[in-house]
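Undergrad: just the structure for this:
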Amino acid sequence: MKELIPNEILLGCAKQMLAEGHTVTLRVAGYSMRPLLEHRRDSVVLAAAEGCKLHDVVLAEIEPDHYVLHRVVALQGENVTLMGDGNLYGCEHCLRGDVVGVVTNFLRRGNDYG
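TA: Numbers count the residues shown, from 1 in each chain. You can find the predicted model right below:
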């Protein structure tokens, strides 16, 4: 039996594990990163965010207990602008310190696309 864990709990645990230096593999949920990542089919491997770069795909906590897995589309000082690959409009904003992890590998249809 599969059990769904609420995002705020699952991603909060992932945040803690990343901060401790572990990597975390998560199955993606949602459609904002299409066509790169497909809802509940694909997964990502995350490592601690020791600094993000333009075009990285990151997990960021944009509000308390509200996380997104989106691409960095702009960096200005400590400010980070994120946008899902499948989004036609609408961006999220956070600070560099709110970036929890950086994607190191994409697992699409079970294949590793590091």
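Undergrad: all contacts plus neighbour counts: C-alpha atoms, from now on.
TA: Noted.
Undergrad: so what's the nearest residue to residue 23 once chain neighbours are set aside scoring on pLDDT?
TA: Closest residue to residue 23 in three dimensions, ignoring its sequence neighbours and counting by Cα to Cα, 6 or more residues apart in numbering: residue 47, at 4.8 Å. The predicted local confidence for residue 47 comes out at a pLDDT of 97.
Undergrad: and the helix or strand residue 47 falls within, which strands flank it?
TA: Take DSSP states H and E as the rule and residue 47 turns out to sit in strand 43-48. Strand 43-48 sits in its sheet next to strand 24-27 (antiparallel), strand 99-108 (antiparallel), going by DSSP bridges.
Undergrad: what's the distance between the residue nearest to residue 23 and residue 21?
TA: With distances taken as Cα to Cα, to the nearest Å, residue 47 is found 8 Å from residue 21.
Undergrad: and what of residue 42?
TA: Applying Cα to Cα to residue 42 and residue 21 gives a distance of 23 Å.
Undergrad: between these two, which has more neighbouring residues?
TA: residue 42 (18 against 11; other Cα atoms under 10 Å).
Undergrad: that one: what's it in contact with?
TA: By Cα atoms under 8 Å, 6 or more residues apart in numbering, the residues touching residue 42 are 27-28, 106-110.
Undergrad: and which of the residues you listed is nearest residue 75?
TA: Comparing those against residue 75 with Cα to Cα places residue 106 closest, at 22.8 Å.
Undergrad: could you check how many residues crowd around that closest one?
TA: Neighbour tally, residue 106, other Cα under 10 Å: 20.
Undergrad: identify the bridge partners of it.
TA: Counting by DSSP bridges, residue 106 is bridged to residue 44.
Undergrad: same deal with residue 71?
TA: The partner residues for residue 71, given DSSP bridges, come to residue 57, residue 83.
Undergrad: perfect, that will be all.
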